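J.: Got a sequence here, can you build the structure:
(chains A, B and C)
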Amino acid sequence: MDKYLEFTGIGKSYPGVKALDDISFRAEGGKVLALLGENGAGKSTLLKIMSGDQQANEGTVSLSGETLSLSSPAQAIKAGISVIYQERQLIPSMSVMENVFLGALPSKNGFIDYKKLRADTVALIEEFGLPILPETPAMFLSIAHQQMVEIMKAYRRDSAVIAFDEPTAPLTDTEISTLFRIIRELRGKGKIVIYVSHRLKEIFEITDEIVVLKDGRYVATLQTSATSEPELIAAMVGRDIGDTYANLSRNEKYGDVLLEVRGLTTDMLRSVSFNIRAGEVVGFAGLVGSGRTEVMRAIFGADAIDSGEIKFDGETVKFRAPKDAIERGVALCPEDRKEQGLVLWRSIEDNIIMPVLAKLKKGIFLDPKASEDLAINEVERYSIKTPTVDKIVAELSGGNQQKVILGRWTNKLMKTKLLILDEPTKGIDVGTKAEIYQMVCDFAKQGMAVIFISSELTEVINVADRILVMHDGEIKGDLTREEATEENVLALAMSE
Amino acid sequence: MPKQSFIKRTIQSKSFLLLAVTAGILILTAIVKPVAFSLANGRELLQRLSYSLVFLCGVSMLLISGGIDFSLSSMASAATVIFAQLVKMKVPWGGAALAALAFGAVAGLINAFFVNKLNMMSFIATIGMSSVWAGFAAWYTRGMQISVVSATFNKISKIYLPSTSKGLIPLVFVIGAVLVLAYSLVLKFTRFGRSVLMIGGNAAAARLAGLKPKLVSSLLFVNASVLGVAGGLIFASQQKAGGPALLTTTMPEMTALTASILGGVAFSGGSGSLAGAFSGVLLIQVLAYALQVMIPTLTWVQLFVNGMLLVVALTVDGFNMKRRLKKLGIKSAGGGGRMIMPGAK
Amino acid sequence: MEQQRVSRLQRIVRSKAFTLFVLLAVLILGFGFLSPVIKRGAMFFHSNTLKTTLQDLSIPAFLAIGAGCLMVSGSLDFSQARVGAFGGIIVAAGIQWWGLNWGAAIIIALALSAIIGLVNAILVNELKFQPFIATMAMSSVIYSVMYLVATDRTGQIQSTINFTNEGLTKIIDWNLKIGSFELPGTVLLLLAAFVVYGLLLSKTRFGRQLYLIGGNATAARLSGIDAKKTSYFLFINCSVLSGLAGIIYTGRTRQGSLLALANDQFTGMTAAILGGISFGGGSGGMGGAFLGLLVIKTFSKGLAIINVNTYLTNVLSGALLLAALTFDYFSQRSQRKRIGI
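T.: Numbers count the residues shown, from 1 in each chain, chains lettered A, B, ... in the order given. Just a heads-up that it's a prediction; the model follows:
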């Protein structure tokens, strides 16, 4: 046995939150180790610590018995650890070859050896079998090819440890098979490969061992060949997830058609059409970049529409800005809570009253009592954990932050008829997730139409009444909850 | 993707466009005011270009890395005060010049400290420092200029090549041009140069790939300040004096900034070349001089055109950026690196 | 969980304004007792000190209000001093050269200031310039137009335009007599302005929108807030207030100058930052900005009384700006540390 990477007692805490707690396991050379866990289980934090992007508070990382000091990405790379990130870390204006050799451009007598740079890159591109040129600026590549460049960047470093964070999300089948060939090659060379993915199918296909994390703690190490999907899920969730969905109290009565979208086309969407009835929960499934978010932004008036018609509540509408949509009763909880949803450094109260400021007037002034009452009402209704509504939102946990946004759109001054939830459970603990599923059903019972977008397939197909599957800016399928299975939804989502 | 021919690429480049416009201005001047083409005028134009080019190297490199420095002209003026005062105190001019350059390096380090240690936005930190340096220089000199009492030093700017009485090209211009060439080579052909571009393009990605964005940025702040002092010394040699407001009226860093953006350096960093920036400086100085020759009494038009150039350059830059973002499938730039502050969001 | 209401006293003590108030008290007491010790005959405790300090306040006060509102929304304006000088030049030239009466000259000056603000807003909102560079570029354009205005009939450029106008002088120099103390009318105006803008920011829907836009413009837009309209208003507002500051300066000195307000170009911004309006936007208020301004002007007045060289005031303005930003950085950092971001 040659090399191994060992985590010993790794802990990472933020005040009030323990992101990682006493994580210890070993990844061996010549094997592919899967890191598995739900969102918020601590996989990304662990990768960040490995890559030197963040530092652990406790514990050590050692390579073949030698303790590593990982205080910056430069040090981690030097120590032989390469991480391929989920968010592509390319420099848009620079060429493919310079991106691939970022940080280690070959040079001769102090000048860059462009001949060698080009030749080395061409060799890599051929090894990967990609139809791209070394001189092309990275921004002109498709998202899949950008991801492959990212992988080449880590591959060419010949590091002892290579970690992949959800590498297949933007890839098509051809590139995935290339990637797996490369991973097997790495394994053959005795490298330590760490593979993070939500796609169980891939994990069974490519990995040898699986480490399961849950809520920042180590759960178990399983041999891939000796385990099964249900066993993995049980280990990840810590209880039988089936119950959560079975226990939901759903809405049974639908109303009239509330939203009718016909031939919606933008630069990212191709003739999208669908209907939603009042009281219905419609799930949108599809890979990242398939156009789900773009459909919602277009409906909400956040992005311009090239052509197509939107009928809302029986009338043809043209929302020029979110303001128009909100006035008619459409609400959007955006996918990126911190960037687009919340005003992090303002109070809970401010964040809740945002869309109803105009209704809280007393003369020319804002009515402070009415606005505090409104906020307190929502805090109590959603049991948001805070002593006062004055607390700034940045201090709340992810689940409570999400509840603040829900409070914003469903408070008693809002007349929300269509509620769009884009990835409402991202980065939220399991308990709160279950609460949010029930809330979704309750909104439907109150007569709202709810659009529920999620990248977690299990979640969409179990919560929604009807599932629309998107791929490449088009709707590829319309399934009822009974019809939908992970397999057929995924097949539609990846159809060519 | 077939390679474009060299000629086609040259014609489509921004530098070519700027040089063509510059040539157009020269032709227009030749028609309107043929007497303007005198040796004296030619020499004066090249003299003005000389220190602009020295400033340009520092400002462009910094801008490409995503930084900006508005303290250069008042800092360089303060450096000329130090220089002139030391020469007055019988320090040999070489030693005095070294002291002034060292002062520049310290000033650059102070800027780097504010920007890279305290995470201030570079424009605001350097604007603050700008008034600090201006204030110190004015306080020390009581607002007066100090003559440089070294004949040798003052003669440097009066050396022309070829060294006859008909020599057109000032030595200091050659220095400026050589510096631009050198920095251009560094940017294009060295690891350091490429890392400047990468850090400007995406500092977070560059860091995760093992580069050290803060170190590079700090070096570039020092570089810009040292070059600023060098440019200031050339100007001091031309004026035979140092003073607290020596360069603040001509604001060479604003010229360099406008020239860089005109020449295709993205305002948000990450792309551009010194060749483009060089053509930009040429255009700005030729245009300013042509206006001065053609409409000497309309000072306000000269100033107005100068001010509008920056607006035009930024507008074009904005459209380029929009096109680029569209290709990337991103809707809005969302601020851009220079504006992001800790605690902002 | 039972929801507590936040008491008024808690809010006050926690605020940055409270810290500034303490700082101000320390400055006043410090200068008051130390000035006679440092320099013989220097008296900080004198009714004249109060009057001149208040008078010094009125010009940067309007700059601080304009800058403060913009900064709350996450933007800024570097053209303030130039707009002020421009407004002053227009009034001086209008009265002296163009034969306008003073009222008309002021209205024209304010209208032109508003147009400059509009152009700033267009550059930022439509052409997507970053605010600092848009307003800096506008500064140099305004400067060139000032040259045009300041060119007299003979074609000479006058860097100052002297004028005499009793009506304007009377208004600007009007004092409210309270016993033996004369309170300058401009001070009353600035206090009124602070109160009005303070209420606007803290008590109205519009004000709350500014904070939300400054805190996160994307989230604000997705919650139905029209950030663009607000930005237009703020830039125009800032320019008009800067123009007003310039007019008061011109009225007081009885001359329009190309370099008017140059010493106060950062004072407004510095006061706002000191008062807790951070550069990222979304926090602080007018009370803080007012106290920040008082601190700055008390400090410089104190230095003047103990006879520190006037050239050093320029150093001071830049250094104070940097000090305020450094202070802001550390307070934000400790806040982030506490939350763990």
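J.: Just the pLDDT for the closest residue to chain A within the stretch 151-300 of chain C.
T.: Residue nearest to chain A within the stretch 151-300 of chain C (C-beta to the nearest C-beta): residue C:215, separated by 3.5 Å. (Glycine included, C-beta is placed from N, CA and C.) Residue C:215 is assigned 89 on the pLDDT scale.
J.: Residue C:162 and residue C:96 touch, don't they?
T.: Yes. At 7.2 Å, residue C:162 counts as touching residue C:96 under the criterion of C-beta atoms under 8 Å.
J.: From the neighbour counts alone, determine which of these two ranks first.
T.: Counting neighbours by other C-beta atoms under 10 Å in any protein chain shown for residue C:162 and for residue C:96 shows that residue C:96 has the greater number, 19 against 12.
J.: Which residue, other than its chain neighbours, is closest to that one?
T.: Leaving aside its chain neighbours, residue C:96 sits nearest to residue C:163 (3.9 Å; criterion: C-beta to C-beta, 6 or more residues apart in numbering or on different chains).
J.: same deal with residue B:192?
T.: residue B:186 (6.5 Å).
J.: That neighbour belongs to a strand?
T.: No. Assessed with DSSP: H, G, I helix; E, B strand; the rest coil, residue B:186 is helix; it does not lie in a strand.
J.: number of nearby residues for it?
T.: 19.
J.: Can you give me the distance of it to residue B:196?
T.: According to C-beta to C-beta, to the nearest Å, residue B:186 and residue B:196 sit 9 Å apart.
J.: Residue B:92 too?
T.: Residue B:92 is 35 Å from residue B:196, by C-beta to C-beta.
J.: Contact residues of the stretch 201-341 of chain C facing chain B?
T.: Residues of the stretch 201-341 of chain C lying near chain B by C-beta under 8 Å from any C-beta of the partner chain: C:215-216, C:218, C:265-266, C:278-282, C:309, C:311-319, C:321-322, C:325-326, C:329, C:332-333, C:335-336.
J.: rewinding a little: give me the pLDDT for the residue nearest to residue C:96.
T.: Reported pLDDT for residue C:163: 90.
J.: Would you list the phi and psi of it?
T.: phi -150, psi 160 (degrees, to the nearest 10).
J.: residue contacts, the closest residue to residue A:413 other than its chain neighbours?
T.: Distances taken as C-beta to C-beta, 6+ apart put residue A:356 closest to residue A:413, at 4.2 Å, once the chain neighbours are dropped. Listed by C-beta atoms under 8 Å, 6 or more residues apart in numbering or on different chains, the contact set of residue A:356 reads A:374, A:411, A:413, A:414.
J.: 7 Å instead?
T.: A:411, A:413, A:414 (C-beta atoms under 7 Å, 6 or more residues apart in numbering or on different chains).
J.: quick one: the strands in chain B?
T.: Applying DSSP state E to chain B gives strands spanning B:146-147, B:160-161, B:169-170, B:241-242.
J.: Count the residues that sit near residue 156.
T.: Since you didn't name a chain, this refers to chain A. Residue A:156: 17 neighbours (other C-beta under 10 Å).
J.: nope, chain C please
T.: Based on other C-beta under 10 Å, the number of other residues close to residue C:156 is 9.
J.: can you list the residues of the stretch 301-450 of chain A near chain B?
T.: A:303, A:344, A:345 (C-beta under 7 Å from any C-beta of the partner chain).
J.: Now the stretch 151-300 of chain A against chain C: closest residue?
T.: residue A:300 (7.5 Å).
J.: Pull the contacting residues for residue C:218.
T.: Residue C:218 touches A:339, A:340, counting by C-beta under 7 Å, 6+ apart.
J.: How about the secondary structure of it?
T.: helix.
J.: Report the separation between the most far-flung residue of chain A relative to its centre and residue B:88.
T.: Centroid-distance maximum for chain A: residue A:109 at 44.9 Å, with C-alpha atoms, centre = their mean. Distance check for residue A:109 against residue B:88: by C-beta to C-beta, it reads 45 Å.
J.: same question, residue C:127
T.: Counting by C-beta to C-beta, the gap from residue C:127 to residue B:88 is 49 Å.
J.: Check residue A:483 too.
T.: 91 Å.
J.: what do you get for residue B:211?
T.: The value you get for residue B:211 to residue B:88, if C-beta to C-beta is used, is 45 Å.
J.: Which one of the two is surrounded by more residues?
T.: Taking neighbours as other C-beta under 10 Å, residue B:211 and residue B:88 compare with residue B:211 leading, 24 against 15.
J.: Would you check that that one makes contact with residue B:196?
T.: No. Counting by C-beta atoms under 7 Å, residue B:211 sits too far from residue B:196 to count as a contact (10.0 Å).
J.: just to revisit the earlier point, between the residues of the stretch 301-450 of chain A next to chain B, which has the most around it?
T.: residue A:345 (26 neighbours).
J.: What backbone torsions are found at that residue?
T.: Dihedral angles (degrees, to the nearest 10) for residue A:345: phi -90, psi 10.
J.: Apart from its neighbours in sequence, what residue is nearest residue B:292?
T.: Leaving aside its sequence neighbours, residue B:292 sits nearest to residue B:302 (C-beta to C-beta, 6+ apart; 6.1 Å).
J.: Is residue A:135 in a helix, a strand, or coil?
T.: coil.
J.: and the closest residue to it other than its chain neighbours, how far is that from chain B?
T.: Distances taken as C-beta to C-beta, 6+ apart put residue A:95 closest to residue A:135, at 5.1 Å, once the chain neighbours are dropped. The gap separating residue A:95 from chain B is 10 Å, by C-beta to the nearest C-beta, to the nearest Å.
J.: which residues touch residue A:95?
T.: A:134, A:135, A:136, A:137.
J.: okay, and for the stretch 51-200 of chain A, where does confidence drop off?
T.: The stretch 51-200 of chain A contains no residues with pLDDT under 70.
J.: Would you map the helices across it?
T.: A:73-79, A:96-100, A:114-128, A:143-155, A:173-188, A:200-206 (DSSP state H, counting those that start in this stretch).
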